[in-house]
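Asks: This is a predicted model, with the sequence first.
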Amino acid sequence: MSVRYELLSRQILRWIMDHPGREVPFSTRTLAAEIGRHHSLIGHLLTGERRYVGAEDAQAIAEAVGVDLRVLFAPSTSPDRNGPTPGK
């Protein structure tokens, strides 16, 4: 079972994208390109359509914007959010 991470706040993610630990703010597309993912992943996190990502994506997003993982994400406490349930 893979651990999933829940985005703590869409507003914090947006603020950090606008004020990253580098001089140039991130757009949805530039952040996605930085972590090697499709821009819809970041877009869905920002709109709330998606709240959970895998551990690798959570870590990549945090590193790209220059913050500790725990500033943006928390491990899911619900087994239903950690991955597929066997037999489903």
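Replies: Looks like it arrived, so ask away.
Asks: list the helices and strands the longest helix along the chain packs on?
Replies: Longest helix of the chain, by residue count under DSSP state H: helix 55-65. Other helices and strands packing on helix 55-65, by 3 or more CB pairs under 8 Å, 6 or more residues apart in numbering; DSSP states H and E, are strand 4-7, helix 10-18, helix 28-35, helix 69-72, strand 73-75. Any C-beta I mention is one placed from the backbone N, CA and C, and that applies to glycine too.
Asks: The fourth one packs against which elements?
Replies: The reference is to helix 69-72. Using 3+ CB pairs under 8 Å, 6+ apart, helix 69-72 sits against helix 10-18, helix 55-65.
Asks: With mean neighbour count added, can I get the helices and strands packed on helix 55-65 in CSV?
Replies: Conversion of these to CSV gives the following (neighbours: other CB atoms under 10 Å):
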stretch, mean neighbour count
strand 4-7, 20
helix 10-18, 15
helix 28-35, 17
helix 69-72, 16
strand 73-75, 17
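Asks: Take those and lay them out in CSV including mean pLDDT and distance to Val53.
Replies: Listed next are these as CSV, based on pLDDT from 0 to 100; distance: least, CB to CB, whole Å:
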stretch, mean pLDDT, distance to Val53
strand 4-7, 96, 6
helix 10-18, 96, 11
helix 28-35, 97, 10
helix 69-72, 97, 10
strand 73-75, 96, 7
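Asks: which one of these lies closest to Ala55?
Replies: strand 4-7 (6.1 Å; CB to CB).
Asks: for the closest one, packing partners?
Replies: Counting by 3+ CB pairs under 8 Å, 6+ apart, strand 4-7 packs on strand 52-54, helix 55-65, strand 73-75.
Asks: closest to Asp18 out of the ones you listed?
Replies: Each of these has some distance to Asp18 by CB to CB; the shortest is helix 55-65, at 9.9 Å.
Asks: for the residue lying closest to Phe73 once chain neighbours are set aside, what are its contacts?
Replies: Nearest non-adjacent residue to Phe73, counting by CB to CB, 6 or more residues apart in numbering: Tyr5, 3.9 Å away. Counting by CB atoms under 8 Å, 6 or more residues apart in numbering, Tyr5 touches 52-55, 57-58, 69, 73-76.
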